[in-house]
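S.K.: Sequence and predicted structure are below.
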Number of protein chains: 2
Amino acid sequence: MSPQPLSPNNVRDLLDSVEAFLFDCDGVIWKGNELIDGVSQTLDMLRWKGKKVVFVTNNSLKSRAQYAQKFRSLGISVSPDEIFSSSFAAAMYLKVNHFPSQSKVYVIGGEGILEELQLAGFTAFGGPGDANKTVDLKQNCFVEHDKSVGAVVVGIDPNINYYKLQYGTLCIRENPGCLFIATNRDAVGHMTASQEWPGAGCMVAAICGSTQKEPIVVGKPSTFMMEFLLKKFNLSCSKMCMVGDRLDTDILFGQNAGCKTLLVFSGCTPQSVLQDPSNNIQPDYYTSKISDMLDLSGK
Amino acid sequence: MSPQPLSPNNVRDLLDSVEAFLFDCDGVIWKGNELIDGVSQTLDMLRWKGKKVVFVTNNSLKSRAQYAQKFRSLGISVSPDEIFSSSFAAAMYLKVNHFPSQSKVYVIGGEGILEELQLAGFTAFGGPGDANKTVDLKQNCFVEHDKSVGAVVVGIDPNINYYKLQYGTLCIRENPGCLFIATNRDAVGHMTASQEWPGAGCMVAAICGSTQKEPIVVGKPSTFMMEFLLKKFNLSCSKMCMVGDRLDTDILFGQNAGCKTLLVFSGCTPQSVLQDPSNNIQPDYYTSKISDMLDLSGK
């Protein structure tokens, strides 16, 4: 079925049939550190109607606790266990797959990944700690890597450098069985309100390029996180609606999981991309921003 | 036909039938700054026999003049026009495609690319000059890019950082018709004698990941450089032999161009990889290092 613009009629159906709304954050709730218009009132309306609300974000720079803090600083009360970030997903992937506690994890990415890995009981290093390491390709230059690294987790890394690329590559190529885990593969994202920036897809591709291996992806559109959402809600996926600004992550994730899907144009996808003949990912509904749910439902 | 180990019999045929030898450098002539055993004597023998000798390298860190200097420092006399580097290929690609002189070129890579572009009359920037630029993803952080950039050239970049990734991505995504040129896509290479390091394939993949575009590749295995070799030699490709240590660049390049091919194990490909059932690139000949040509031919 072709996607429907959100309207007073279908927004009522949507609100009646859905019991849990899954929101992406960047481009849906905020851009950089600015809340998008009407977000706060819309979340209040959904909660007032008894809907469950959670946040499913591919941005791995922060941990769940750090995201809760960001929500609070923007005037929205959210508890860490309502947040499903790809940093948390990476830690949970290792946990459910019984990653040996004596093995270590090397991180190309932000503080959030390190924090979630440590909370889950793993020994992790790299990330911001390797931000200032440099390489001078002189004759005796040699990066020695830890043979006990059993997984490399790659997410968006604003401090990416050649040392980290070499370290991660060495672990994946030389440590037998070393896992290569990608938080997500978003090409770009609104890391600041003013423009888009290379996303985790950039760093993940770099490691694919040097190792010639493909990663295990734990963030959207992989449905790995869905099993944790289901445990939390005890709801069928058909009673959930995924709301996001990206076709190839948010909408695909919702569809892969069997949820209803709503695309918003407040982030990185304009209406022209949705309607371009080359696009083959179609949400159930689309609208300009999430507060349209509030406005169209007559408040 | 399955590849033949170099032997006293077939080395004679090879030396009789080939008039020009095309050598890769890293892993064939040298590792880092160390000459591989017997290289100097082997080149002398080939020249003494009247063979033409050129060097075709994907390593874009140096210009042709800088490579000639490196050869000299290792005791081998080579003139810049016997060197076909991917840095030169990038400049020639723009030249033969009539890249407008008022357009600029942004470089993710080494000094060699900048130097070749400038020698060819183009305005280029980036490269080592952007090595220390940092990005702090605060609210008002914004990278302003030059709208007159008409090409981004990406090669191996030991100073890769988030600023450069953002700058190159902005040019390719936002400047209409901006070219995305890769010097090459080697996954790793012997940048130092002691270990392999991420190659241009790593940085090129990163830009593919953020732009979701594929590059024009000018280095091996693309045969773009062959038209310059043909102009230089006035020889048919069947009278040339490409000698290299990489199946997916050197040997494929030779085969794509219709040359004979010789794989050496002195670089990044061990014999086990050649003989692995998953490998589908088969050279005409293989041997441990180029000086085997000297030893097997009875000197």
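M.R.: That came through, no problem.
S.K.: what about residue A:105, neighbour count?
M.R.: A total of 28 residues lie near residue A:105 under the criterion other Cβ atoms under 10 Å in any protein chain shown. Where C-beta positions appear, they are placed from N, C-alpha and C, glycine not excepted.
S.K.: tell me which element it falls in.
M.R.: Element membership of residue A:105 [criterion: DSSP states H and E] is strand A:104-108.
S.K.: how about whichever helix or strand comes after that strand: buried residues?
M.R.: Sequence-wise, the next helix or strand downstream of strand A:104-108 (DSSP H and E) is helix A:111-119. Within helix A:111-119, the residues that count as buried by 16 or more other Cβ atoms under 10 Å in any protein chain shown are A:111-117.
S.K.: before we move on, what about stretch A:116-134?
M.R.: Buried, per 16+ other Cβ under 10 Å, within stretch A:116-134: A:116-117, A:120, A:122, A:124, A:126-128, A:130.
S.K.: For chain B, tell me which of the residues you listed show up nearby.
M.R.: Among the buried residues of stretch A:116-134, no residue sits close to chain B (Cβ under 8 Å from any Cβ of the partner chain).
S.K.: Give me the average confidence score over the helix or strand harbouring residue A:84.
M.R.: Using DSSP H and E, residue A:84 maps to strand A:83-85. Here strand A:83-85 scores 95 as its mean pLDDT.
S.K.: which other helices and strands contact that strand?
M.R.: strand A:52-57, helix A:64-73 (3 or more Cβ pairs under 8 Å, 6 or more residues apart in numbering or on different chains; DSSP states H and E).
S.K.: relative to helix A:64-73, how tilted is the first one?
M.R.: With axes from the mean of the first three to the mean of the last three Cα atoms, to 10 degrees defining the directions, strand A:52-57 sits at 110 degrees from helix A:64-73.
S.K.: Assign residue A:138 to helix, strand or coil.
M.R.: For residue A:138, the assignment made with DSSP: H, G, I helix; E, B strand; the rest coil gives coil.
S.K.: what's around the nearest residue to it once chain neighbours are set aside, how many residues?
M.R.: In space, and not counting its chain neighbours, residue A:138 is closest to residue B:192: 7.2 Å by Cβ to Cβ, 6 or more residues apart in numbering or on different chains. Residues contacting residue B:192 under the criterion other Cβ under 10 Å number 21.
S.K.: what does the one 4 residues further on give?
M.R.: Counted with other Cβ under 10 Å, the burial measure for residue B:196 works out to 22 neighbours.
S.K.: For it, which residues are in contact?
M.R.: Neighbouring residues of residue B:196 by Cβ atoms under 8 Å, 6 or more residues apart in numbering or on different chains: B:188-190, B:268.
S.K.: from those, which is closest to chain A?
M.R.: Nearest to chain A among those: residue B:188, at 5.9 Å, using Cβ to the nearest Cβ.
S.K.: surely that closest one meets residue A:169?
M.R.: Yes. Here residue B:188 reaches residue A:169: they are 7.1 Å apart, a contact under Cβ atoms under 8 Å.
S.K.: what's the overlap in contacts for those two?
M.R.: Common neighbours of residue B:188 and residue A:169 (Cβ under 8 Å, 6+ apart) are A:210, B:198.
S.K.: more neighbours, those two?
M.R.: Taking neighbours as other Cβ under 10 Å, residue B:188 and residue A:169 compare with residue A:169 leading, 27 against 23.
S.K.: Show me the residue of the stretch 51-200 of chain A that gets nearest to chain B, please.
M.R.: residue A:198 (3.9 Å).
S.K.: The residue positioned nearest the centre of chain A - nearest residue in space that isn't next to it in sequence?
M.R.: Compute the mean C-alpha point of chain A, and by Cα atoms, centre = their mean the closest residue is residue A:58, 0.8 Å away. Spatially, and ignoring its direct neighbours in sequence, residue A:58 is nearest to residue A:184 (3.8 Å; Cβ to Cβ, 6+ apart).
S.K.: For chain A, just list every one of the helices.
M.R.: A:8-17, A:39-48, A:64-73, A:86-96, A:111-119, A:162-174, A:200-211, A:226-233, A:252-257, A:271-274, A:291-296 (DSSP state H).
S.K.: if you compare the helices and strands packed on strand A:83-85, which one is most tucked away?
M.R.: Most buried of the helices and strands packed on strand A:83-85, by mean neighbour count (mean count of other Cβ atoms under 10 Å in any protein chain shown): strand A:52-57, with a mean of 21.
S.K.: what angle sits between that one and helix A:39-48?
M.R.: Going by the same axes, to 10 degrees, strand A:52-57 makes 140 degrees with helix A:39-48.
S.K.: Now strand A:52-57: average pLDDT?
M.R.: pLDDT averaged over strand A:52-57 gives 96.
S.K.: Work out the sheet partners of that strand and label each with its direction, please.
M.R.: strand A:20-23 (parallel), strand A:83-85 (parallel) (DSSP bridges).
S.K.: will you turn those into a markdown table that also has mean neighbour count?
M.R.: Listed next are the strands paired with strand A:52-57 as a markdown table, based on neighbours: other Cβ atoms under 10 Å in any protein chain shown:
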| stretch | mean neighbour count |
| --- | --- |
| strand A:20-23 | 24 |
| strand A:83-85 | 25 |
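S.K.: low-scoring stretches of chain A, by residue?
M.R.: Where chain A drops to pLDDT under 70, the residues are A:299.
S.K.: so what are the domain limits for it?
M.R.: A:4-58+A:221-296, A:87-217 (automatic domain parsing).
S.K.: Check those domains for me and report the most buried one.
M.R.: domain A:87-217 (a mean of 21).
S.K.: sorry, back to before: contact partners for the nearest residue to the residue of the stretch 51-200 of chain A closest to chain B once chain neighbours are set aside?
M.R.: Leaving aside its sequence neighbours, residue A:198 sits nearest to residue B:210 (Cβ to Cβ, 6+ apart; 3.9 Å). When contacts are counted by Cβ under 8 Å, 6+ apart, residue B:210 touches A:187-188, A:198-199, A:201-202, A:205, B:165, B:169.
S.K.: Settle this for me: residue A:145 is touching residue A:173, isn't it.
M.R.: No. Assessed by Cβ under 8 Å, residue A:145 is found out of contact with residue A:173, at 9.7 Å.
S.K.: Show me how far stretch A:109-119 is from its chain's centre.
M.R.: 14 Å (Cα atoms, centre = their mean, to the nearest Å).
S.K.: Can you list the neighbours in contact with that stretch?
M.R.: Outside stretch A:109-119, the residues that reach it (Cβ under 8 Å, 6+ apart) are A:60-66, A:85, A:87-88, A:90-91, A:94, A:105, A:107, A:124-128, A:153-158, A:183, A:200, A:203.
S.K.: thinking again about what came up before, look up how far residue A:131 lies from the residue nearest to residue A:58.
M.R.: Between residue A:184 and residue A:131 the computed distance is 21 Å (Cβ to Cβ, to the nearest Å).
S.K.: Over to residue A:292?
M.R.: 40 Å.
S.K.: And for residue A:221?
M.R.: Counting by Cβ to Cβ, the separation of residue A:221 from residue A:131 is 29 Å.
S.K.: And for residue A:208?
M.R.: Counting by Cβ to Cβ, the separation of residue A:208 from residue A:131 is 22 Å.
S.K.: And residue A:89, by the same measure?
M.R.: Plainly put, residue A:89 is 23 Å away from residue A:131 if you go by Cβ to Cβ.
S.K.: What is the nearest of the contacts of residue B:196 to residue A:3?
M.R.: Closest to residue A:3 out of those is residue B:188 (44.1 Å), distances taken as Cβ to Cβ.
S.K.: Enumerate the beta-bridge partners assigned to that closest one.
M.R.: Applying DSSP bridges to residue B:188, the residues it is bridged with are residue B:198.
S.K.: need the contact list for it.
M.R.: A:169, A:173, A:210, B:196-199, B:201, B:268.
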